[in-house]
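# build the 3D model from these lines:
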Amino acid sequence: MPKLIILRGNSGSGKTVAAGMIQEKFGPNTMRISHDMVRMEILHVWSKEGIERSLPLMIELMRYGHKNSEFTVMEGILPYSAYKSLFDAAVEEYGIENIFAYYYDISFEETLRRHQTKPNRDDFDEEDMRRWWQEKDYLSNIKEKLIGEDVSLEEAVEKIYRDVFAGNP
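Sure, this is the predicted structure:
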């Protein structure tokens, strides 16, 4: 049965790097959907238009992953209020028992610190990150496990790997 792994959280929390590591660890037949890539690189849109245009494509990519991949890793800020229909479609497509969702519950200060270590650190600044900030934006239709700032990147990836193979959403 195909599995969906969802990584959500604020900008700079570590979702994108973790998603890449998960894809590598899970190996072939693991599809990764990066919301930033869909929105900014594929569709070349930002702000409200970015949500409106990326949402249907994110849903279609997720469905494609269900049909064609053993594991699909979807990551992004993905605010619940804006992407509720994506999460509803995920439950419909995968069933709640095959969705492994994680929310990076990290302080704003820590996301700023982590952002400074990224190659794209000059693409946006603290003011941008404050504007995008969503405090404790948990899903209401899918149970998310929290990843705190005390959890290393490697520990988070290992935890997700163990959860998926133990069938423990």
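
# tell me what the lowest-mean-pLDDT helix or strand in the chain is packed against?
The least trusted helix or strand in the chain, going by mean pLDDT, DSSP states H and E, turns out to be helix 126-132, with a mean of 83. In terms of contacts (3 or more Cβ pairs under 8 Å, 6 or more residues apart in numbering; DSSP states H and E), helix 126-132 is packed against helix 108-115. Using the backbone N, CA and C atoms, a C-beta is placed for each residue, glycine as well.

# hmm, back to that, downstream neighbour of the least confident helix or strand of the chain in the secondary structure list?
The first helix or strand that comes after helix 126-132 along the chain, using DSSP states H and E, is strand 144-148.

# direction included, what does that following strand pair up with?
strand 99-105 (parallel) (DSSP bridges).

# element containing Met74, please.
Assigned by DSSP H and E, Met74 belongs to strand 71-76.

# elements contacting that strand?
Counting by 3+ Cβ pairs under 8 Å, 6+ apart, the packing neighbours recorded for strand 71-76 are strand 3-9, helix 15-26, strand 30-34, helix 35-36, helix 47-68.

# tell me, what residue is most central in this protein?
Glu75 (2.0 Å; Cα atoms, centre = their mean).

# how far away is the closest residue to Tyr161 other than its chain neighbours from Arg131?
Leaving out its chain neighbours, the residue that sits closest to Tyr161 by Cβ to Cβ, 6 or more residues apart in numbering is Lys25, at 5.7 Å. Using Cβ to Cβ, to the nearest Å, Lys25 is found at 33 Å from Arg131.

# neighbour count: these two, which is higher?
Lys25 (13 against 9; other Cβ atoms under 10 Å).
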